[in-house]
Each structure stands twice: as C-alpha cells, then as structure tokens.
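1. pasting the sequence and the predicted model now:
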Amino acid sequence: MLSADDFRRLQWHSRRGMLELDVLLEPFTNQAFKKLSAQDQSVYLTLIDCEDPDLFAWFMGEGRPQDPGLASMVDKVLQFARSGLDSGLDSGLKDACGAQ
C-alpha cells in the first residue's frame, strides 16, 4: 500500500509527454490503481517506469512486453480504458436518443 505522498508521486508520474499515454494512464492511476492487488500494484509501478516509446507501442498494439506480468498489466489498462469508453458511449447514445 502506497502512502498518500507516494500515490501523489505516482499520479504525477502517470502524466507523460504523450497525450495518448496521459489519456490511458491518468484515469487508470486515479480510478483503478488502489483497487488492484498488491502484486498488480507492484507490476503497475514497474510498468509506469518504462519508457514512453515502449508504452506507446504496447498500448497501440505494435508490440508486447516480454515480461508476462507487464503484458497482463497493459491488457488491464486497455480493458479499463475500453470499459470507460464503452460506458461513456452508452450514456452518450442514450442522451442523444432521449432515452432515460
């Protein structure tokens, strides 16, 4: 479990030099990280230390991490992003159609 200061550092570190990574990593850190198991949190901390070009390639499907734990975490981040997008699309469609 991270201290409050360590979590704030993680939030800051989740802000990257690429918008595409910010869109994936910031929401995951803020909304999902604390719900992960201690082991998955450790893997995420390792993932967040990877270089931006590697992260970008992995998240864009242009490669996979060799480490199975990192590959699994990439999948979890992408699944989280997709689930948020899907729910946002669903509510957006409902609003557009006037459904309740």
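-> Looks like it came in fine.
2. now do the contacts for the closest residue to residue 69 other than its chain neighbours.
-> Closest residue to residue 69 apart from its sequence neighbours, by CB to CB, 6 or more residues apart in numbering: residue 43 at 4.6 Å. All C-beta spots, glycine's among them, are computed from the backbone N, C-alpha and C. The contact partners of residue 43, taken as CB atoms under 8 Å, 6 or more residues apart in numbering, are 69-70, 72-73.
3. go again with 10 Å.
-> Counting by CB atoms under 10 Å, 6 or more residues apart in numbering, residue 43 touches 36-37, 67-74, 76.
4. then residue 77?
-> If a contact means CB under 10 Å, 6+ apart, then residue 77 has 21, 24-25, 27-29, 32, 44, 47, 55, 58-59 as its contacts.
5. could you do residue 31 as well?
-> 80, 84.
6. tell me the pLDDT at the residue nearest to residue 69?
-> In the predicted model, residue 43 carries a pLDDT score of 98.
7. ditto for residue 17
-> 85.
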